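A.B. asks: structural data only, the sequence is not supplied:
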C-alpha cells in the first residue's frame, strides 16, 4: 500500500520509471531489515552471556565465604580449596564463555570482559594456573581448561589495552 502511494505521488511529478522506484524502495527496506537484524543478534548475544553470568553469580552465592576469602586475601588457591568449593563448576562456566565466543561467535568478548574479567584474572593468578597444570600432568591431558586459560589471556590483552587508553586520556 505504501509502495503504491509513493509510486503514485512520484510518477505524477516525475519521469522516473516506477520499476526503479520500486527497486530503490526494496533496497531501503532490505537495509532497514538488516540493521534491525544486527541489533537483534547483539541483544541475543548479551542475553546469552547474561544467563551464564547469572549462573556464575549463583555459584558465588553458594560458595560466598570461600569466594570472599579468595578475592580479599593474599593467599593462593590450593587443591583443597579448589575441591571443597567445586571450582571445576566455576571454571566450566568460564570455559563456556570462551567456547561460545571463540567457536560459535555467540558472545561479545568485550562485554564478557566487562562482566567477569576481574574474577577470571584473579582466579588464574591466585593459583588456578598451577592447579590446572597439575591436573593436566596427572591425567596427561593438555586440554584441561584450555578455554579458561585462553579467556584469561584474552582478558589480559583487553586489560592492557584499557590501561593504556586510561593513561592516554
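C.D. replies: In hand now; what should we look at? Since this is a predicted model, take the numbers as computed values, not measurements.
A.B. asks: low-confidence regions, the protein specifically.
C.D. replies: Scanning the chain for pLDDT under 70 picks out the ranges 1-15, 169.
A.B. asks: do a quick rundown of the strands in it.
C.D. replies: Remark: strands of the chain are absent; assignment by DSSP state E.
A.B. asks: which other helices and strands contact the longest helix seen in it?
C.D. replies: In the chain, assigned by DSSP state H, the helix with the most residues is helix 18-62. Here helix 18-62 touches helix 2-13, helix 87-102, helix 109-123, going by 3 or more CB pairs under 8 Å, 6 or more residues apart in numbering; DSSP states H and E. Heads up, the C-betas are built off the backbone N, CA and C, glycines and all.
A.B. asks: for residue 37, give its distance to residue 121.
C.D. replies: Look at residue 37 and residue 121: by CB to CB, to the nearest Å, they are 34 Å apart.
A.B. asks: settle it for me: which of the two has more neighbours?
C.D. replies: Using other CB atoms under 10 Å, the more surrounded residue of residue 37 and residue 121 is residue 121, with 17 against 10.
A.B. asks: quick one: contacts for the more buried one?
C.D. replies: When contacts are counted by CB atoms under 8 Å, 6 or more residues apart in numbering, residue 121 touches 152, 155, 156, 159.
A.B. asks: tally of neighbours for the second one?
C.D. replies: Residue 155: 21 surrounding residues under other CB under 10 Å.
A.B. asks: would you agree it is in contact with residue 120?
C.D. replies: Yes. Applying CB atoms under 8 Å as the test, residue 155 and residue 120 come out as touching, 5.5 Å apart.
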